[in-house]
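Asker: Build me a model from this:
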Amino acid sequence: MYRRLLMTVAGLTFAALLAACGGDDHVDNDAAGGRKIDIDMRDNDFSPASINVKAGEQVQLVFHNKGSVRHDAFIGDEAAQMDHEAEVRASSGDTGHDAHGSDGITVEPGQTGTLSHTFDEPGTTVIGCHEAGHYGLGMRIRVTVT
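Answerer: Next up, the predicted model:
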């Protein structure tokens, strides 16, 4: 009897550990069937550095600025990123909270912001931060749309 109880407890513990470690802890399914992806912003870094979504899937990108400076997140292919970078630089380096349209968001230090986006086309796109020098230093997320 004791052995059976010990085996059951060990099995449940193992299952709990597998559930905690087995998967991307940045992704949650909400009750409505949509998907929420948590993204941390720090210094010149996004975490995770890449995400996968399905074509036509709407996701809630939840950005948590855990750094000490303002960050932004702009969604678009490399050409759109370069255009946005040029627009930001032309406006004296101020990203401006309205400069993104519906494809971006600015998040102040210690704050959280949510951006809802539907990735329509298969391929690869980018989420980039265009605060002064951040994109050039590699602050971007590779988004693979299948």
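
Asker: What's the local residue count around the nearest residue to residue 67 once chain neighbours are set aside?
Answerer: In space, and not counting its chain neighbours, residue 67 is closest to residue 42: 4.5 Å by C-beta to C-beta, 6 or more residues apart in numbering. For glycine as for every other residue, the C-beta is placed from the backbone atoms N, C-alpha and C. Each residue near residue 42 was counted by other C-beta atoms under 10 Å, and the total is 15.

Asker: now do residue 130
Answerer: 27.

Asker: Test my guess that it contacts residue 82.
Answerer: No. In this structure residue 130 lies outside contact range of residue 82 using C-beta atoms under 8 Å: 10.1 Å.

Asker: returning to what we had before: read off the pLDDT value for the residue nearest to residue 67.
Answerer: Reported pLDDT at residue 42 in the predicted model: 95.

Asker: Dihedrals phi and psi, it?
Answerer: Per-residue torsions, residue 42: phi -140, psi 140 (degrees, to the nearest 10).

Asker: Can you tell me how far it is from residue 119?
Answerer: 24 Å (C-beta to C-beta, to the nearest Å).

Asker: likewise residue 66?
Answerer: With distances taken as C-beta to C-beta, residue 66 is found 25 Å from residue 119.
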